[in-house]
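**Student:** My questions are about this predicted structure, shown below with the sequence.
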Protein chains: 2
Amino acid sequence: MSRRDISEFTIRRLSLYLRSLRELREAGTEVVSSRQLADGSGTTPAQVRKDLSLFGSFGKRGRGYQVRELLETLESILGLDRQWRVALVGAGKIGRALLGYADLERRGFRVAAAFDTDPEKIGTSHYGVTVRALEELEETLRAEQVEMGIIATPPAAAQDTATRLVEAGVTGILNFAPVKVDVPPEVTLRGVDVVLELEGLSFALTSDVAGGSRREPGSAAGG
Amino acid sequence: MSRRDISEFTIRRLSLYLRSLRELREAGTEVVSSRQLADGSGTTPAQVRKDLSLFGSFGKRGRGYQVRELLETLESILGLDRQWRVALVGAGKIGRALLGYADLERRGFRVAAAFDTDPEKIGTSHYGVTVRALEELEETLRAEQVEMGIIATPPAAAQDTATRLVEAGVTGILNFAPVKVDVPPEVTLRGVDVVLELEGLSFALTSDVAGGSRREPGSAAGG
DNA sequence: GCCTGTGAACGTATTCACAGCC
DNA sequence: GGCTGTGAATACGTTCACAGGC
């Protein structure tokens, strides 16, 4: 079982367990069972144990997991026992909202540089980060040793931005632009698309009747 | 095959096909093959055909799909051949960024009302939407016939917001707060969590060596 | 010849169920 | 008695491969 064999599903859940564990630590809880972790993250106890078992045996039979210990273990597994330096490209509404999002810094993701092409924006500061000209991207990213990038540009600029980020040494990209972006296989890409999520809700809220070319009996959706 | 048997994976891909189809329509393309749709959305031709076949037979063998026709069919399947009225709770940075995001309106999601508890924010307008006091939520949502809600509150207020949205008749919720939120089974819930996505990148960018209690030979991650 | 539509085969993720230990 | 860790069983999603029609 190599690190690369771990599925994205498992990784997402590890993040959710981490979320629960942080709350438990705040609350002063010392021990937690797979059932409690499952309840706190919307999955099942068996799933929790299976996920954790992919990385080792961290619990005590008959007892559960030490909150503090498991928390540190998961942070280590996810690579969160260090700070990541992130570049933000696009200082529009989404970009600036991200700059003001204190959780990034708190969870170990420091926005080390921000870029835009708009002369009006270049030179302005938001929450301590100064917006630079896009031309400075490659130079700045190498100087600041940035390893991750966030694309918050208009769709038309997204692919070019991704290419330049990769060129500048970035190997992880989070894309907020609602377009497909291609990166080399050694680069990890994730996307966030609000409209796509809302469209998912739209489907769920749309009853069978309105659907189209099917004709099964009854049963409205979402019930 | 009932509407409810369709997986979320398929629905996400339908949205991606829709994205491609809109681009193709803009470009004036009239016919598209499953291969082209697959290339435009990061999947395989077989997957495209399988997804579409769950809803009907929309193509012509030996030829492909009519862009305009398939586009309208997918919009109908996803319930996008109408406008959805959406409530936004929380007019902080993320909330205001969403109010300024023209794609929502353009894709059929009208933000019909926004709410906050901060007296400084109540009464202010952003991109044509006036922020109301949270107390007015139930009344306004019923009056405006809102069916979807977006939670953009601080984490501590998220569960209470969800409960109130459901109480006010909302059956689809998009949650931006990084906490677990419970809703009744007849309500559809989706979440967007930037930190969780970045943590996924962190894992992918973290090499085996730093990982923890495993000891397989070599092979750095992300290759 | 080309491309769709679809059962069958395959691969992956989840759940079960129980042995092992506290 | 309680809860973990895990092989086995099951459910689910994807890919294959080919018959069917343009």
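**Tutor:** Nice, thanks for sending it over.
**Student:** how deep is A:Gly28 tucked in, by neighbour count?
**Tutor:** 7 (other CB atoms under 10 Å in any protein chain shown). In this view, the C-beta of every residue, glycine as well, is placed from N, C-alpha and C.
**Student:** For DNA strand D, what's the nearest residue on chain A?
**Tutor:** At 2.5 Å from DNA strand D, A:Gly62 is the closest residue in chain A, using CB to the nearest atom of the strand.
**Student:** Pretty sure that residue sits in a helix.
**Tutor:** No - with DSSP: H, G, I helix; E, B strand; the rest coil as the criterion, A:Gly62 is coil rather than part of a helix.
**Student:** From the chain's centroid, how far away is stretch A:8-27?
**Tutor:** 13 Å (CA atoms, centre = their mean, to the nearest Å).
**Student:** Contacts made by that stretch with the rest, please.
**Tutor:** If you take CB atoms under 8 Å, 6 or more residues apart in numbering or on different chains as the criterion, stretch A:8-27 is touched by A:32, A:36-37, A:40-43, A:47-48, A:51, A:54, A:67-68, A:70-71, A:74-75, A:77-78, A:80, B:178-180, B:193, B:195-196, B:199-200, B:203.
**Student:** what about the residue of chain A closest to DNA strand D, neighbour count?
**Tutor:** Neighbourhood size, A:Gly62 [other CB under 10 Å]: 5.
**Student:** how near is it to A:Ser33?
**Tutor:** 10 Å (CB to CB, to the nearest Å).
**Student:** Below-threshold pLDDT in chain A: ranges please.
**Tutor:** A:1, A:208-223 (pLDDT under 70).
**Student:** Let me know the secondary structure of A:Arg110.
**Tutor:** Strictly by three-state DSSP, A:Arg110 counts as strand.
**Student:** for it, what are its contacts?
**Tutor:** The contact partners of A:Arg110, by CB under 8 Å, 6+ apart, come to A:Gln83, A:Trp84, A:Arg85, A:Val86, A:Leu104.
**Student:** Let me know the secondary structure of the last one.
**Tutor:** In the three-state summary, A:Leu104 is assigned as helix, counting by three-state DSSP.
**Student:** swap in the third one?
**Tutor:** Under three-state DSSP, the three-state class of A:Arg85 is strand.
**Student:** so it bridges to which residues?
**Tutor:** Taking DSSP bridges as the rule, A:Arg85 bridges to A:Arg110.
**Student:** didn't it look like it was pressed against A:Glu147?
**Tutor:** Yes - using CB atoms under 8 Å, A:Arg85 is in contact with A:Glu147, at 6.2 Å.
**Student:** What pairs with the host helix or strand of A:Ile150, parallel or antiparallel?
**Tutor:** Using DSSP states H and E, A:Ile150 sits in strand A:148-151. Using DSSP bridges, the strands paired with strand A:148-151 are strand A:84-89 (parallel), strand A:172-175 (parallel).
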